[in-house]
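Undergrad: Kindly return the folded structure for what I paste below:
(one chain, ligands or ions: 2)
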Amino acid sequence: MSDSKKKKAPNIDIFRAWCKACGICVAFCPAGVLARDEGGYPYVKEPDKCISCGWCEMRCPDFAITVYNKDKKRNFENDYPEERQGK
Ligand code: SF4
Ligand code: SF4
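TA: Ligands and ions are numbered 1, 2, ... in the order given. Just a heads-up that it's a prediction; the model follows:
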């Protein structure tokens with residue numbers, strides 16, 4: 001596989017100040033990317049497994065998790081830019 005075809009791991013940003021450790025993002029991640037620490041807060045355990053589906057971002061009730069995909073494949077931000085901009 002050439003370098004250009006290699007899957008780049010998305011950048012998953014968890015804004016802890018807004019996170020209430022509900023665990024929804026961890027529960028809904030279909031790829032087992034996220035896990036919870038001792039305090040119940042999510043962290044990125046397996047970044048290479050992320051498929052950029054955006055479920056964690058869509059399901060977070062506090063907008064505390066964002067998935068940035070450098071390949072611009074599917075994620076909530078790319079699929080629904082109007083919603084992200086509040087239009
Ligand atoms: S984008 Fe999808 S695969 Fe990646 S961490 Fe979120 S729910 Fe899991
Ligand atoms: S869904 Fe949001 S508030 Fe709940 S644990 Fe995940 S990042 Fe935190």
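
Undergrad: Now do the contacts for K45.
TA: G32, V33, L34, A35 (CB atoms under 8 Å, 6 or more residues apart in numbering). (C-beta placed from N, C-alpha, C; glycine too.)

Undergrad: Dump those into TSV; add secondary structure, distance to ligand 1 and neighbour count as well.
TA: Below are those laid out as TSV (DSSP: H, G, I helix; E, B strand; the rest coil; distance: CB to the nearest ligand atom, whole Å; neighbours: other CB atoms under 10 Å):
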residue	secondary structure	distance to ligand 1	neighbour count
G32	coil	8	11
V33	coil	4	24
L34	strand	5	23
A35	strand	11	14
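
Undergrad: So which of those is the closest to M58?
TA: Within those, proximity to M58 (CB to CB) peaks at L34, which comes in at 13.7 Å.

Undergrad: State the pLDDT value of that closest one.
TA: pLDDT for L34: 98.

Undergrad: before we move on, what about N69?
TA: N69 is assigned 76 on the pLDDT scale.

Undergrad: looking at it, it is touching D13, isn't it?
TA: No: counting by CB atoms under 8 Å, N69 stays clear of D13, with 11.7 Å between them.

Undergrad: Have a look at these two and say which one is more surrounded.
TA: Shown here are N69 and D13; by other CB atoms under 10 Å, N69 has more neighbours (19 against 12).

Undergrad: And that one, how far from C50?
TA: According to CB to CB, to the nearest Å, N69 and C50 sit 9 Å apart.

Undergrad: Now the common contact residues for the two.
TA: P10.
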